[in-house]
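Undergrad: Sequence first, predicted coordinates after that:
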Amino acid sequence: MRIAVIGTGYVGLVAGACFAGAGQDVTCVDMEPGRVAALRRGEMPLYEPGLEALVRRNHEAGRLRFTTDLPAAVAASQVVFIAVGTPMGASGGADLQYVLTAAGQIGRALRHYTVVVDKSTVPVGTADRVHAVIAQHTEHAFDVVSNPEFLKEGAALDDFLRPDRVIVGTRSERARQLMRELYAPFVGDGRALLFMDPRSAELTKYAANAMLATRISFMNDVATLCERVDADVEQVRQGMGLDPRIGSGFLQPGIGYGGSCFPKDVRALMATAHDVGLELDLLKAVEATNARQKRSLLTKALRHYGDLSQRTFAVWGLSFKPRTDDMREAPSVEIIEGLLTRGARVQCHDPVARDAARRCFADRVSYASTCYDAAEGADGLFLATEWSDFRHPDLRRLWRLMRQPVIFDGRNALDPEEARAAGFTYFGIGRG
Ligand SMILES: NC(=O)c1ccc[n+]([C@@H]2O[C@H](COP(=O)([O-])OP(=O)(O)OC[C@H]3O[C@@H](n4cnc5c(N)ncnc54)[C@H](O)[C@@H]3O)[C@@H](O)[C@H]2O)c1
Ligand SMILES: O=c1ccn([C@@H]2O[C@H](COP(=O)(O)OP(=O)(O)O[C@H]3O[C@H](CO)[C@@H](O)[C@H](O)[C@H]3O)[C@@H](O)[C@H]2O)c(=O)[nH]1
């Protein structure tokens, strides 16, 4: 099947490469010529484990092409995916300008019956709006399908190739057949392929993300309570997670959720509800807890040192989570900005997010090529992202390198007893 994917971000590039890997003939479109030229040379615009090899293999085999020529790609395709950004708008709702612009471009380019699939995360009713925009520009028959994406950065290929579910929102039997064919290689016996109406599909995506964000904020509240009553949230978490009704996933307390999805999607769901006269107070609390949690390590540091000016701090981990270089809404940014505002110096290290960090902080911080270099002469160490490299540091070496052996572990990645035995003052999340 010939398909076009509009947008070569985390979602579009992964979807395009995975469909090509399954034997489809894929053209990925992006409006940024530099990005397309780089992709043609085999250079990835983002870090995602396994993606570079998959893209190269399929590009070389001629099944995966890159272009800025949207009209040609659309005209030649039976199925067109929209995978462009839907950032937070000024009022909190999703900004649909990229989706609706792409819809107009698709409408002008259609040459025959086409299934237009919205893979971007969009508010309820967007499939209808996309349909209306396309219809303004074409006489050809088409269907608009809602097919939200659930992949996680850092595990994107696995999530796409072995999804726990694929949601397809459509009322068209013709579109349903094409989508069934396209996803057949990834959904085994087909039970993971769930058809529903487009509005329910659109809402499922936001509801899932809001639920996951709620679990995280709930655990962060439990962690704060643990600190006040001298309990250990890691033990509480294990005890809770063994209840199958609760499950152990997404219960890890930390310094708040970040990334390009949870913050904006929680806000967008609240905006959707507000527009129909419903206030989602639970999500307001989820956001408030997350904001407090992102400040929590800084609060502990201020309490410990009093004054942070003229001190030097190491920050380990800059991306919003391990296995990605994405720094959108990363808790590390709030920590670093808080330290800099208070007159401290920052030496940071991240295994892959150095370029992203340079775009964010320029020369306001220094960038170390190893975590030990970052710790040299530091008055304290903030562990902001739980990269596996950071989980078992050489504590003796670290102790010798630092001016003051103090650790603020924002991910409970280290063993507090080991750290204390090695002479560190240790602050974690929800543990004494
Ligand atoms: N990042 C994730 O992990 C993830 C997971 C699931 C769903 N989503 C959702 O998927 C959507 C895309 O997210 P992303 O992180 O991949 O986005 P992104 O911002 O990384 O990439 C979007 C790309 O689309 C391109 N683009 C925009 N308009 C275009 C047009 N008219 N023609 C051609 N190219 C165009 C941009 O140049 C950019 O390269 C969002 O709605 C997001 O919420 C993201
Ligand atoms: O127990 C946990 C799990 C996650 N996080 C944090 O939550 C954020 C999001 O993590 P994760 O969900 O793993 O990454 P994303 O790539 O943002 O993926 C989420 O957002 C995507 C975009 O919508 C969805 O497709 C995914 O299903 C959804 O998990 C990160 O800051 C994590 O550190 C925690 O604090 N505790």
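TA: Arrived safely. Ligands and ions are numbered 1, 2, ... in the order given.
Undergrad: As a check, name the ranges of all helices in the stretch 201-350 of the chain.
TA: With helices called from DSSP state H, counting those that start in this stretch, the stretch 201-350 of the chain shows them at 233-241, 262-275, 281-305, 331-341.
Undergrad: For the shortest one, which residues meet the burial criterion?
TA: Of the residues in helix 233-241, those buried by neighbour count under the rule 16 or more other C-beta atoms under 10 Å are 233-234, 236-237, 240-241. Every residue, glycine included, has its C-beta placed from N, CA and C.
Undergrad: what's the most distant pair in these?
TA: Across the buried residues of helix 233-241, the longest distance by C-beta to C-beta is 11.8 Å; it joins V233 and G241.
Undergrad: What does the closest residue to ligand 1 within the stretch 1-150 of the chain show for phi and psi?
TA: For the stretch 1-150 of the chain, the residue closest to ligand 1 is G9, as judged by C-beta to the nearest ligand atom, at 2.1 Å. Note on G9: its backbone torsions stand at phi -80, psi -160 [degrees, to the nearest 10].
Undergrad: So what's the residue count around the closest residue to P393 other than its chain neighbours?
TA: Take P393 and drop its neighbours on the chain: the residue closest to it by C-beta to C-beta, 6 or more residues apart in numbering is C371, 6.8 Å away. By other C-beta atoms under 10 Å, the residues close to C371 number 23.
Undergrad: show me what contacts the residue nearest to R63 when sequence neighbours are not counted?
TA: Nearest-residue entry for R63: A20, 4.2 Å, with adjacent residues in sequence omitted and distances by C-beta to C-beta, 6+ apart. Residues counted as contacts of A20 (C-beta atoms under 8 Å, 6 or more residues apart in numbering) are 26, 58, 61, 63-64.
Undergrad: could you redo the last one with a cut-off of 7 Å?
TA: The contact partners of A20, by C-beta atoms under 7 Å, 6 or more residues apart in numbering, come to 26, 58, 63-64.
Undergrad: Of those residues, which is the most crowded?
TA: Going by other C-beta under 10 Å, V26 tops the contacts of A20 with 28 neighbours.
Undergrad: Could you check the helix or strand hosting that residue against ligand 1 for contacts?
TA: Assigned by DSSP states H and E, V26 falls within strand 25-29. Yes. Using C-beta under 6 Å from any ligand atom, strand 25-29 reaches ligand 1 at V29.
Undergrad: Summarise which helices and strands that strand is packed against.
TA: Packing contacts for strand 25-29, counted by 3 or more C-beta pairs under 7 Å, 6 or more residues apart in numbering; DSSP states H and E, involve strand 2-6, helix 10-21, strand 64-67, helix 70-75.
Undergrad: What is the neighbour count of the residue of the stretch 1-150 of the chain closest to ligand 1?
TA: Other residues lying near G9 total 17 when counted by other C-beta under 10 Å.
Undergrad: where does it land on pLDDT?
TA: G9 is assigned a predicted lDDT (pLDDT) of 97.
Undergrad: Quick one: residues contacting F382.
TA: By C-beta under 7 Å, 6+ apart, the residues touching F382 are 297, 313-316, 335, 408, 410.
Undergrad: with the residues you listed in mind, which one is nearest to ligand 1?
TA: Proximity of those to ligand 1 (C-beta to the nearest ligand atom) peaks at G410, which lies at 21.2 Å.
Undergrad: The closest one reaches R295, doesn't it?
TA: No. With contact defined as C-beta atoms under 7 Å, G410 and R295 do not form a contacting pair (11.1 Å).
Undergrad: distance between the strand or helix carrying F382 and the chain's centre?
TA: For F382, the element it lies in under DSSP H and E is strand 380-383. Taking C-alpha atoms, centre = their mean, to the nearest Å, one finds strand 380-383 lying 24 Å from the centre of the chain it belongs to.
Undergrad: pLDDT wise, what is the closest residue to L282 other than its chain neighbours at?
TA: Leaving out its chain neighbours, the residue that sits closest to L282 by C-beta to C-beta, 6+ apart is T214, at 6.8 Å. In this model, T214 is scored at 98, pLDDT.
Undergrad: could you check the distance from T214 over to G423?
TA: Separation of T214 from G423 (C-beta to C-beta, to the nearest Å): 39 Å.
Undergrad: And those two? Which one has more around it.
TA: Higher neighbour count among T214 and G423: T214, with 18 against 11, using other C-beta under 10 Å.
Undergrad: Touching, that one and V286? I think so.
TA: Yes. T214 lies in contact with V286 (C-beta under 7 Å); the separation is 5.1 Å.
Undergrad: Could you say which one of the helices of the stretch 201-350 of the chain comes nearest to ligand 2?
TA: helix 262-275 (5.3 Å).
Undergrad: by how many degrees do the closest one and helix 281-305 diverge?
TA: 140 degrees (axes from the mean of the first three to the mean of the last three C-alpha atoms, to 10 degrees).
Undergrad: and the closest residue to D197 other than its chain neighbours, what does it touch?
TA: Among residues not flanking D197 along the chain, G169 sits closest, at 5.8 Å (C-beta to C-beta, 6+ apart). By C-beta under 7 Å, 6+ apart, the contact set of G169 is 127, 145-146, 196-198, 200-202.
Undergrad: Filter the residues you listed to keep only those in contact with ligand 1.
TA: Of the contacts of G169, not one also sits near ligand 1 (C-beta under 6 Å from any ligand atom).
Undergrad: For the buried ones among these, write the corresponding PyMOL selection.
TA: Buried members of these, defined by 16+ other C-beta under 10 Å, are picked up in PyMOL with:
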select buried, resi 127+145+146+196+198+201+202
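Undergrad: Most widely separated two among the contacts of G169?
TA: Greatest spatial distance in the contacts of G169: V145 and S200, 12.7 Å, computed using C-beta to C-beta.
Undergrad: in the stretch 51-200 of the chain, which spans are helices?
TA: Along the stretch 51-200 of the chain, the segments classed as helices by DSSP H, counting those that start in this stretch run 51-60, 70-75, 97-109, 126-137, 156-161, 173-183, 198-229.
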